[in-house]
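Visitor: Could you look at this predicted model? Sequence included:
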Amino acid sequence: MIAIIDYNAGNIQSVRFALNRLGIEPVLTNDIEQLQKAEKIIFPGVGEAGTAMKSLKEKNLDKLIPQLSKPLLGICLGLQLMCQHSEESNTDCLGVFPVKVKKFNPVLKVPHMGWNTIFNLKSPLFEGCSEDSYEYYVHSYFAEIGENTIAETDYINPFSAALKKNNFYAVQFHPEKSSSVGEQILKNFLAL
Amino acid sequence: MLTKRIIPCLDIKDGRTVKGVNFLDLRDAGDPVELGKRYADEGADELVFLDITATHEKRKTLIELVNRIALNLNIPFTVGGGISSVEDVSALLNAGADKISINSAAVKHPELVSEIASRFGSQCVVVAVDAKNINGAWKVFLNGGRIETELLLEDWVKQLEKLGAGEILFTSMNHDGTKNGFACEELARISDMISIPVIASGGAGKPEHFVEAFTKGKADAALAASVFHFKEIEIKDLKNYLAQQQIPVRL
């Protein structure tokens, strides 16, 4: 069973439909037992970090998520919530990755919205994806580069396009909206 | 490098694709899902589906269509037309739309923009603004360009950014349908004024016009309908041309 964590953080239907296109019907849930039983877990999210953390806490998911042992993929805000701290509403996050999330310095347009390239790919998550392939982004905050960085993107400054630690994976872009490259990444995650 | 986006717009009536050559003369050109997929395969970066039925009884048809699009399309898409409440937005996002586009409703009830942004995030709020240059002043129009307001375009886009809009889709009524190019000067002016992305719309006729929209017009994306719809410009050729002209695009 593939589970998508449902915690009222924005539009999770896009992720569900992307899995449908790969022939998978995921379970949308915030039930702790179901999440513990799932073979793979997707942790999506759009919206604001403070509100999203509050919503996770209300459902006790803030304690559960860092303890899950199966492969988990955070997407967009999901990635940021898996970091240590976010400048957005000065929010303490889940701390899976010892990384800080900062606001882009608005010397260019913020949000960073549209298609940008990923490079320095360092994970089986990117099997079959070439360096500098395009992904779709929408975000105003970014995770710094650190030892857990497995892909980078450059907008205003280089940042973590993807992070990995043990069973935890996370991508800042939207693989569910990134055409065939995104589909390949989702397939790779499901094959882990 | 962040690329400039090419966005075909598909007009939808009763679940089918149409194109208003003018408001009365509509031509039927098929299934929105098939056409959308073809555009995506040719390299479109996003799609906009604009429902011009917008009568209440037909909303269900639209929701079903959005659901079918979402199941078949692997790039972002926006749905617009007749959206006037948070409930409308919720239904469309639940059906799988990535963004919604509002126009007249935002002018009538500006607080709707902030309500949608705070509930679903700014990233999904595209505000479409139709404006016309009248003796040097860019006036905002409503209801598909039929009603003139006292709002000035530049004031309105600044207010929209504050309200939490995620993107501005600016259509110049002076340029729309002319195929003589986008309203580049005014595009650049509003693009410099706000931090959120600006989508240029109205006037695309040749590949050169897209280059101008991105260079002179400082637009982040460009939208067009008929030039793509009637294959006067192929998206693949357009993007290759833009790349040759040093415009960053996703190839």
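Guide: Ah, there it is. Residues are numbered from 1 along each chain as shown, chains lettered A, B, ... in the order given.

Visitor: State which strand of chain A is the longest.
Guide: With secondary structure taken from DSSP state E, chain A has its longest strand at strand A:157-165.

Visitor: List the buried residues of it.
Guide: Across strand A:157-165, burial judged by 16 or more other CB atoms under 10 Å in any protein chain shown covers A:159-165. Heads up, the C-betas are built off the backbone N, CA and C, glycines and all.

Visitor: Would you mind listing what in chain B touches chain A?
Guide: Applying CB under 8 Å from any CB of the partner chain, one finds that chain B approaches chain A through B:1-5, B:40, B:45, B:70-72, B:74-76, B:93-96, B:98, B:120-124, B:166-167, B:195-197, B:220-221, B:250.

Visitor: and if we set it to 7 Å?
Guide: B:1-3, B:5, B:45, B:70-71, B:74-76, B:93-94, B:96, B:98, B:120-121, B:123-124, B:195-197, B:220, B:250 (CB under 7 Å from any CB of the partner chain).

Visitor: Show me which of the residues you listed are buried.
Guide: Buried, going by 16+ other CB under 10 Å: B:2-3, B:5, B:45, B:70, B:74-76, B:93, B:96, B:98, B:120-121, B:123-124, B:196-197, B:220, B:250, out of those.

Visitor: before we move on, the earlier item: ok, and which of the buried residues of strand A:157-165 reach chain B?
Guide: Okay, of these, nothing touches chain B (CB under 7 Å from any CB).

Visitor: Make CSV out of the residues you listed and add pLDDT.
Guide: Shown next, in CSV, are the buried residues of strand A:157-165 (pLDDT from 0 to 100):
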residue, pLDDT
A:F159, 98
A:S160, 98
A:A161, 98
A:A162, 98
A:L163, 98
A:K164, 98
A:K165, 98
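
Visitor: Which pair of these spans the longest distance?
Guide: By the measure CB to CB, A:F159 and A:K165 form the most distant pair in those, at 16.8 Å.

Visitor: Phi, psi for the residue of chain A most remote from its centre please.
Guide: What lies farthest from the middle of chain A is A:V107; by CA atoms, centre = their mean that is 25.0 Å. Phi and psi for A:V107, reported as degrees, to the nearest 10, are phi -80, psi -20.

Visitor: In this structure it contacts A:N157, no?
Guide: No: with contacts counted by CB atoms under 7 Å, A:V107 stays clear of A:N157, the gap being 9.6 Å.

Visitor: ok, residues contacting stretch A:86-96?
Guide: A:48-50, A:53, A:62, A:65-66, A:80-85, A:101-103, A:141, A:165, A:168 (CB atoms under 7 Å, 6 or more residues apart in numbering or on different chains).

Visitor: centroid residue for the chain?
Guide: Assuming you mean chain A. Centroid-nearest residue in chain A, with CA atoms, centre = their mean: A:I75, separated by 2.1 Å.

Visitor: look at chain B instead
Guide: Nearest residue to the geometric centre of chain B (CA atoms, centre = their mean): B:L169, 5.2 Å.

Visitor: What helix or strand is the residue in the stretch 151-251 of chain B that chain A sits nearest to located in?
Guide: Across the stretch 151-251 of chain B, no residue is closer to chain A than B:R250, which sits at 4.4 Å (CB to the nearest CB). Under the criterion DSSP states H and E, no helix or strand holds B:R250.

Visitor: in its sheet, what does the longest strand of chain A sit against?
Guide: In the sheet, strand A:157-165 lines up against strand A:149-155 (antiparallel), strand A:168-171 (antiparallel) (DSSP bridges).

Visitor: Quick one: residues in contact with that strand.
Guide: Residues outside strand A:157-165 that contact it (CB under 7 Å, 6+ apart): A:79, A:96-97, A:99, A:118, A:123, A:125, A:142-145, A:148-153, A:170-173.

Visitor: Burial check on A:N105, number of neighbours?
Guide: Residues lying near A:N105 (other CB atoms under 10 Å in any protein chain shown) number 9.

Visitor: ditto for B:M173
Guide: B:M173 has 18 neighbours, counted by other CB under 10 Å.

Visitor: I figured it hits B:I134, correct?
Guide: No: using CB under 7 Å, B:M173 is not in contact with B:I134; the gap is 9.8 Å.

Visitor: now the strands for chain B?
Guide: Along chain B, counting by DSSP E, strands occupy B:5-13, B:16-20, B:26-28, B:47-51, B:77-80, B:99-102, B:125-134, B:137-142, B:147-152, B:167-172, B:198-201, B:221-224.

Visitor: Specify which residues of chain B, grouped into ranges, have pLDDT under the cut-off.
Guide: For chain B, the stretches flagged by pLDDT under 70 are B:19-29, B:54-58.

Visitor: repeat that with 80
Guide: Residue ranges of chain B with pLDDT under 80: B:18-30, B:53-60, B:144.

Visitor: So in it, which helix runs the longest?
Guide: helix B:59-72 (DSSP state H).

Visitor: Pull up the distance across stretch A:17-31, start to finish.
Guide: One end of stretch A:17-31 to the other measures 21 Å (CA to CA, to the nearest Å).

Visitor: Centre of the chain to it, how far?
Guide: Here stretch A:17-31 is found 16 Å from its chain centre; the criterion is CA atoms, centre = their mean, to the nearest Å.

Visitor: Check what contacts that stretch and list those residues.
Guide: The set of residues external to stretch A:17-31 that reach it, using CB under 7 Å, 6+ apart, is A:1-7, A:12, A:16, A:34-35, A:59, A:61, A:176, A:183, A:186-187, B:70-71, B:74, B:96.

Visitor: Understood, closing this out.
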